[in-house]
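Q: No sequence on hand, only this structure:
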Ligand code: UD1
């Protein structure tokens, strides 16, 4: 079985390539290296002993996409991670986000529609729910108006796939709505590599822990939660990666009930920002410098998943705890910033 993974050198993509190869799939990666590095390939080889094929290609290049598919007619499935994902940047440069995240999706679906049989997995986000009325959030919770162009590309992306599947019986698709992926491979051969100042909580924490940032700003301490900080569903990236393999296998075995389905990927447990900080302090044995600051515009108060559908229908369940995931994130951060400490 041969699978195309777009964005396969990125954070979630690279961990998924590892799990695919562990399950015996052959993988070809497309990545434009806009937010990743070719060195990630070496990490994948170190873990799996197998080098995936790699094609450096910008999926906005329609002609290059056609050529790729013409030369790769043996694909059994496509997992499409390649996209921009910075919320703030999407507000400043909406057209970049719509162009990159939506044009490339359309191109992929055009190519897949022309295939005799196509299976497609799409990276979506819990951001499609906005501030849901009920916790935990099920897949049938209403999709709310997006807070950012980035979030909108995930909503519109799902609609594009749904509309295409309706009229394309040879195309089977699943959208996976990620809650808050974090952590790294336990081997510390691959992990998250944010460019510049991290926008997400966990890489900011580990970079602060390692001394790269002075202190973490906790955005908001007056929310109506147990300790006043926001609640999210943090899930180990390896659990997220494994869910992609299971979802693909479901499509390959033709077990899916309809040709477009969506699943939440979370643990089902919400943690406050302060609980995440405590987890860091527990696993690292270090005190974290942090201060409480004003709320960040656009943040929802609480978001955690009802995972019943993924558990029962996919037969997948997140296995790692917050501390497991944090330990892997910390090991990775130390490896890339303090290699001398790790090798001792
Ligand atoms: C964010 C996006 C979400 C996107 C996801 C992908 C927003 C509103 N949401 O999720 O759409 O799918 O990233 O990367 O941007 N926090 C701090 N200090 C920090 C950073 C974060 O206190 O320096 C807090 C936030 O206020 C939030 C929690 O930590 O309560 C998690 O934040 P983050 O990691 O940015 O994820 P989301 O906001 O949940």
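A: Nice, I can see it. Keep in mind that what you see is a predicted model, and the values were worked out from it rather than measured.
Q: Buried residues, the longest helix seen in the chain. List them.
A: When the chain is scanned for its longest helix (criterion: DSSP state H), the result is helix 149-166. Within helix 149-166, the residues that qualify as buried are 149-158, 160-162, 164-165, counting by 16 or more other C-beta atoms under 10 Å. Just so you know, the C-beta spots here come from the backbone N, C-alpha and C atoms, and that holds for glycine as well.
Q: Next secondary structure after the host helix or strand of residue 202?
A: Taking DSSP states H and E as the definition, one finds residue 202 inside helix 201-209. Moving toward the C-terminus from helix 201-209, the first helix or strand encountered (DSSP H and E) is strand 216-219.
Q: touching the ligand at all, that following strand?
A: Yes - applying C-beta under 6 Å from any ligand atom, one finds strand 216-219 in contact with the ligand at 216-219.
Q: ok, and does the helix holding residue 202 reach over to the ligand?
A: Yes - under the criterion of C-beta under 6 Å from any ligand atom, helix 201-209 makes contact with the ligand via 201, 204.
Q: hmm, who's touching that helix?
A: 180, 182-183, 192, 194, 197-198, 213-216, 232, 234, 273, 276-277, 280, 284, 286, 288-290, 326, 329-330, 332-333, 337 (C-beta atoms under 8 Å, 6 or more residues apart in numbering).
Q: Check stretch 123-136 too.
A: Outside of stretch 123-136, the residues within contact range by C-beta under 8 Å, 6+ apart are 7, 12, 80-81, 83, 137, 141-148, 150-151, 154-155, 157-158, 175-180, 233, 262, 264, 266, 268, 270, 300-307.
Q: Repeat the analysis, applying 7 Å as the threshold.
A: Under the criterion C-beta atoms under 7 Å, 6 or more residues apart in numbering, residues 12, 80-81, 83, 137, 141, 143-145, 147, 151, 154-155, 157-158, 175-179, 262, 264, 268, 300-306 lie in contact with stretch 123-136.
Q: Show me the residues you listed that map onto helices.
A: Of the contacts of stretch 123-136, the ones assigned to helices by DSSP H are 12, 151, 154-155, 157-158.
Q: Please list which of the residues you listed are also close to the ligand.
A: residue 151.
Q: which of the ones in helices among the contacts of stretch 123-136 sit farthest apart?
A: Between any two of the ones in helices among the contacts of stretch 123-136, the greatest separation by C-beta to C-beta is 19.0 Å, found for 12 and 155.
Q: near the ligand, which residues of the chain show up?
A: 85, 87, 125, 127, 151, 180, 199-201, 204, 216-219, 230, 232, 273, 296, 298-299.
Q: Quick one, which of these are buried?
A: Among those, those scoring as buried are 85, 87, 125, 127, 151, 180, 200-201, 204, 216, 218-219, 230, 232, 273 (criterion: 16+ other C-beta under 10 Å).
Q: Most widely separated two among those?
A: The span of those, defined through C-beta to C-beta, is set by 151 and 216 at 23.8 Å.
Q: thinking again about what came up before, are any of the contacts of stretch 123-136 buried, and which?
A: 12, 80-81, 83, 137, 141, 143-144, 147, 151, 154-155, 157-158, 175-179, 262, 264, 268, 300, 302-306.
Q: Could you tell me which of the contacts of stretch 123-136 belong to strands?
A: 80, 175-178, 262, 264, 302-303 (DSSP state E).
Q: what's the distance between residue 333 and residue 321?
A: With distances taken as C-beta to C-beta, to the nearest Å, residue 333 is found 18 Å from residue 321.
Q: Between the two, which is the more surrounded one?
A: Legend: neighbour count by other C-beta atoms under 10 Å for residue 333 and residue 321, higher for residue 333 (24 against 14).
Q: close enough to count as contact, residue 44 and residue 13?
A: No - counting by C-beta atoms under 7 Å, residue 44 does not reach residue 13; the two are 10.2 Å apart.
Q: circling back to that earlier point, just name the closest of the ones in strands among the contacts of stretch 123-136 to residue 250, please.
A: Among these, residue 176 lies closest to residue 250 (C-beta to C-beta), at 11.4 Å.
Q: And the closest one, what's its pLDDT?
A: Looking at residue 176, its pLDDT is 98.
Q: That one reaches residue 247, doesn't it?
A: Yes - under the criterion of C-beta under 7 Å, residue 176 makes contact with residue 247 at 6.3 Å.
Q: any common contacting residues for those two?
A: Joint contacts of residue 176 and residue 247 (C-beta under 7 Å, 6+ apart) are 121, 263.
Q: Tell me which residues touch residue 271, please.
A: When contacts are taken as C-beta under 7 Å, 6+ apart, residue 271 is in contact with 231-232, 234, 322.
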